[in-house]
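**Q** this one's structure only:
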């Protein structure tokens, strides 16, 4: 018996969740930073999912555009003050591109990073003698 | 001489903190706005955002089946992020595909912090502007930094060392190149 042909498509929210996970695992990233629209969307989604008994992975602070089978990803981040921002941003770009491609097979065309905030009240600054 | 050393919360351009705007939402809604609140565009914009979010999240706050103790923090954080998103950005060089940028306010916070770490110096205002690109691709910035200096520590050598400190913070903490630094000593303290 011939196996049925299966086509599968990865939706943008899946890519966003994988990107969010990869970014937040990068040391020095304090959090993904949604704006007002992102937070309202996230709260609404949480409320709907609670009714249905679902709990999907967080993706606040990430936008994804899929065109011609490739993804353009944009992350909004708050970094810890001890982390060198430029190197950390590049590390996040690599981590996100690698994770999305590995987990979904989708080609990542670009990973843009906007550093919204850098937390200078982080305790590790004291430990490193920066303060 | 008094020196304002408060660094808590997020300050709007008018000088009021976002936390203050949040705390007075109900008062203003009830028609008890003070003179500043009646005429300030910054407070009005922040208040509009906070009210919209409070309304949007009312259902979740009222729901006791899931703790939402951090909801206010998340709202404040989102409003702060919106204020910063709407401001200018400084591009950081990267070899990876995709643009990297940092808000001018975040850059200013790091540089204020570096100055504050200096004994005898308290950072005040800090303004940052992009000033082009260095030959190696690094972004050049112009910085205007206002400080208060302890009277006993006030000497030109201190300002030279402070200049070095800011320059190092630009490069090592941010990956930016300092093009021009205007240091303004606008107060002294412990006279």
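**A** Structure received. In this text the structure is predicted, and so the values were computed from the model without any measurement.

**Q** by mean pLDDT, which helix or strand of chain A comes out lowest?
**A** helix A:123-127 (a mean of 49; mean pLDDT, DSSP states H and E).

**Q** after the helix or strand hosting residue A:89 comes which helix or strand?
**A** Secondary structure assignment for residue A:89, by DSSP states H and E: helix A:85-104. Remark: after helix A:85-104, the chain's next helix or strand is strand A:107-119, criterion DSSP H and E.

**Q** that next one: how far from the chain's middle?
**A** Relative to its chain's centre, strand A:107-119 lies at 9 Å (CA atoms, centre = their mean, to the nearest Å).

**Q** for chain A, see how far away residue B:186 is.
**A** 21 Å (CB to the nearest CB, to the nearest Å). All C-beta atoms are positioned from the backbone trio N, CA, C, and that covers glycine.

**Q** tell me where chain B has helices.
**A** Secondary structure of chain B (DSSP state H): helices located at B:18-23, B:25-29, B:35-39, B:41-56, B:58-62, B:71-85, B:104-116, B:156-168.

**Q** dump those into CSV; add distance to chain A, mean neighbour count and mean pLDDT as well.
**A** What follows is these, written out as CSV (distance: least, CB to the nearest CB, whole Å; neighbours: other CB atoms under 10 Å in any protein chain shown; pLDDT from 0 to 100):
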stretch, distance to chain A, mean neighbour count, mean pLDDT
helix B:18-23, 13, 17, 80
helix B:25-29, 15, 13, 86
helix B:35-39, 21, 12, 90
helix B:41-56, 5, 17, 78
helix B:58-62, 5, 12, 57
helix B:71-85, 4, 20, 69
helix B:104-116, 4, 23, 92
helix B:156-168, 10, 14, 89
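
**Q** what's the closest of those helices to residue B:134?
**A** Closest approach to residue B:134 among the helices of chain B is made by helix B:156-168 (13.4 Å; CB to CB).

**Q** run a quick neighbour tally on the residue in chain A that chain B sits nearest to.
**A** Nearest residue of chain A to chain B, counting by CB to the nearest CB: residue A:86, 2.6 Å away. Around residue A:86 there are 22 other residues, counting by other CB atoms under 10 Å in any protein chain shown.

**Q** just give the closest residue to it, not the sequence neighbours.
**A** In space, and not counting its chain neighbours, residue A:86 is closest to residue B:175: 2.6 Å by CB to CB, 6 or more residues apart in numbering or on different chains.

**Q** list the residues that contact that neighbour.
**A** A:84, A:85, A:86, A:87, B:92, B:93, B:138 (CB atoms under 8 Å, 6 or more residues apart in numbering or on different chains).

**Q** and the nearest residue to residue B:24 once chain neighbours are set aside, how far is that from residue B:54?
**A** Nearest residue to residue B:24 in three dimensions, chain neighbours excluded: residue B:37, at 7.2 Å (CB to CB, 6+ apart). Per CB to CB, to the nearest Å, residue B:37 is found 17 Å from residue B:54.

**Q** residue A:60 too?
**A** 18 Å.

**Q** over to residue B:173?
**A** Residue B:173 is 35 Å from residue B:54, by CB to CB.

**Q** tell me the domain boundaries of chain B?
**A** Chain B breaks down by automatic domain parsing into domains covering B:18-85, B:89-189.

**Q** ok, residue B:176 touching residue B:170?
**A** Yes. Counting by CB atoms under 8 Å, residue B:176 does reach residue B:170; the two are 4.8 Å apart.

**Q** what's around the spatially closest residue to residue A:25 that is not a sequence neighbour, how many residues?
**A** Excluding the flanking residues, the one nearest residue A:25 by CB to CB, 6+ apart is residue A:95, at 7.1 Å. Residue A:95: 19 surrounding residues under other CB under 10 Å.

**Q** surely residue A:95 and residue A:27 touch.
**A** No. Using CB under 8 Å, residue A:95 is not in contact with residue A:27; the gap is 10.3 Å.

**Q** circling back to that earlier point, same for the helix holding residue A:89, what does it pack against?
**A** Packing partners of helix A:85-104 (3 or more CB pairs under 8 Å, 6 or more residues apart in numbering or on different chains; DSSP states H and E): helix A:12-24, strand A:70-80, strand A:107-119, strand B:89-92, strand B:100-103.

**Q** quick one: contacts for the closest residue to residue A:115 other than its chain neighbours?
**A** Distances taken as CB to CB, 6+ apart put residue B:102 closest to residue A:115, at 4.0 Å, once the chain neighbours are dropped. By CB under 8 Å, 6+ apart, the contact list for residue B:102 reads A:85, A:114, A:115, A:118, B:89, B:90, B:92, B:174.

**Q** between which two of those residues is the distance greatest?
**A** A:114 and B:174 (14.3 Å).

**Q** which of the two has more neighbours?
**A** Set side by side, residue A:114 and residue B:174 show more neighbours around residue B:174, with 25 against 21, by other CB under 10 Å.

**Q** torsion angles phi and psi at the residue of chain B found nearest chain A?
**A** Per CB to the nearest CB, residue B:175 is where chain B lies closest to chain A, at 2.6 Å. Residue B:175 adopts backbone torsions of phi 80, psi 30, taken as degrees, to the nearest 10.
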